[in-house]
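[1] Let me see the structure of the following:
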Amino acid sequence: MNKNLSNDAYYQALNDAIHAALAPLENIRKDSAIRLLLGGIIGKGAYEISQEMNIDYMTLLKNLDKIANLVKAVKNIVKNHPVLLIIDDTHDHKQYAIPISRNTTQIYYCKVHKRYEPAIQILLIAVKDLKTNETYIVAIIPYIPQKVVEILKERGEKVEFKTKIQAYLEILPELEKEFNVVGKVFDSWYVNSKTLFANTVGELKANARVVEGDRLVPVGEFPQGEYLVEYLGIPIKLLVVDDYKGYGRRYFFSTNVNDTAEDIITTWENR
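    Numbering: from 1, shown residues only. Just a heads-up that it's a prediction; the model follows:
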């Protein structure tokens with residue numbers, strides 16, 4: 001995702017939004033909050049930053065979504081320009097997760113620090129102003145992977161954080177109300193029967209099965225080309241590319257069946 005933070009107006013809006021969001025909170029300096037948010041965007045761990053700033057980690061997690069609510073601020077910049085919603089996620093430790101509780105959620109073995117560390121996964125949502133070609137982050141939301149949710153529920157623990165699909169579906173109506181959203185784009189981890197809205201571009205895994213005529217076929221069996229098929233009951237334009245920029249076969253799609261191959265690739269590359 002292109003996280004363009006060079007716009008002076010966005011810096012000011014970001015600063016104002018953080019100060020407004022943190023006004024009711026105690027024991028967190030406003031300059032520390034700004035450092036926390038920007039650190040999360042550029043890839044520094046929330047746990048590590050909380051230790052450096054002597055902020056309670058659980059307080060940090062419970063308020064991260066409030067700190068990062070930038071919707072109103074960004075609206076003042078993009079106004080009614082057409083925008084593309086970019087849905088992505090990140091966390092700082094990419095090793096295998098071990099769920100440990102409903103609060104700290106998971107631990108990761110950090111190869112750099114050579115120890116297990118608590119970490120939280122973050123849903124990032126940005127809008128790309130299609131008039132100015134600038135991209136602005138509008139939401140940073142903690143989430144739990146679905147497998148972790150299932151394990152915690154099996155243990156009888158109450159799950160306090162949402163999965164990224166739940167978080168995306170909950171914030172989407174607000175974003176569509178505030179912005180002139182003309183499209184959405186995300187990778188294969190967000191593909192779900194609940195997320196295949198109109199004008200959505202994404203990617204399928206090779207084992208995803210689509211309906212072509214009366215056949216249910218894995219997309220991995222299709223040769224390079226464009227196809228009108230159904231996926232999870234939704235008509236889509238499937239675009240199979242044999243070697244996408246040296247990354248091997250890729251299976252892109254759009255829920256707008258009138259999109260051309262160029263339309264789909266252009267939207268995908270706006271991520």
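[2] Report the secondary structure state of the closest residue to residue 231 other than its chain neighbours.
    Nearest residue to residue 231 in three dimensions, chain neighbours excluded: residue 210, at 4.8 Å (Cβ to Cβ, 6 or more residues apart in numbering). Quick note: C-beta positions are derived from backbone N, CA and C, even for glycine. Using DSSP: H, G, I helix; E, B strand; the rest coil, the structure places residue 210 in strand.
[3] Likewise for residue 176?
    helix.
[4] next one: residue 239
    Looking at residue 239 with three-state DSSP, the answer is strand.
[5] give me the beta-bridge partners of the closest residue to it other than its chain neighbours?
    Leaving out its chain neighbours, the residue that sits closest to residue 239 by Cβ to Cβ, 6+ apart is residue 252, at 4.4 Å. Beta-bridge partners recorded for residue 252 (DSSP bridges): residue 203, residue 239.
[6] Same check on residue 180?
    With DSSP bridges as the rule, residue 180 is bridged to residue 82.
[7] That one reaches residue 80, doesn't it?
    Yes. At 5.2 Å, residue 180 counts as touching residue 80 under the criterion of Cβ atoms under 8 Å.
[8] more crowded one of the two?
    Applying other Cβ atoms under 10 Å to residue 180 and residue 80 shows that residue 180 carries more neighbours, namely 15 against 9.
[9] for that one, what are its contacts?
    Applying Cβ atoms under 8 Å, 6 or more residues apart in numbering to residue 180 gives the contacts 80-83.
[10] Can you go through those residues and name the buried ones?
    81, 83 (16 or more other Cβ atoms under 10 Å).
[11] Looking at the contacts of residue 180, which one is closest to residue 256?
    Using Cβ to Cβ, residue 82 is the member of those that lies nearest residue 256, at 14.5 Å.
[12] before we move on, the earlier item: which residues touch the residue nearest to residue 231?
    Counted by Cβ under 8 Å, 6+ apart, residue 210 has contacts 204, 216-217, 219, 227, 229-231, 236, 238.
[13] of those, buried ones?
    Buried among the contacts of residue 210 by 16+ other Cβ under 10 Å: 204, 219, 227, 229, 231, 236, 238.
[14] Farthest-apart pair in those residues, please.
    204 and 227 (11.5 Å).
[15] Quick check: neighbours shared by the two?
    In contact with both residue 204 and residue 227: 210, 238, using Cβ under 8 Å, 6+ apart.
[16] picking up where we left off before, now, which of the contacts of residue 180 sits nearest residue 244?
    Nearest to residue 244 among those, with distances taken as Cβ to Cβ, is residue 83, at 25.1 Å.
[17] Next one: the closest one from residue 231, what distance?
    25 Å (Cβ to Cβ, to the nearest Å).
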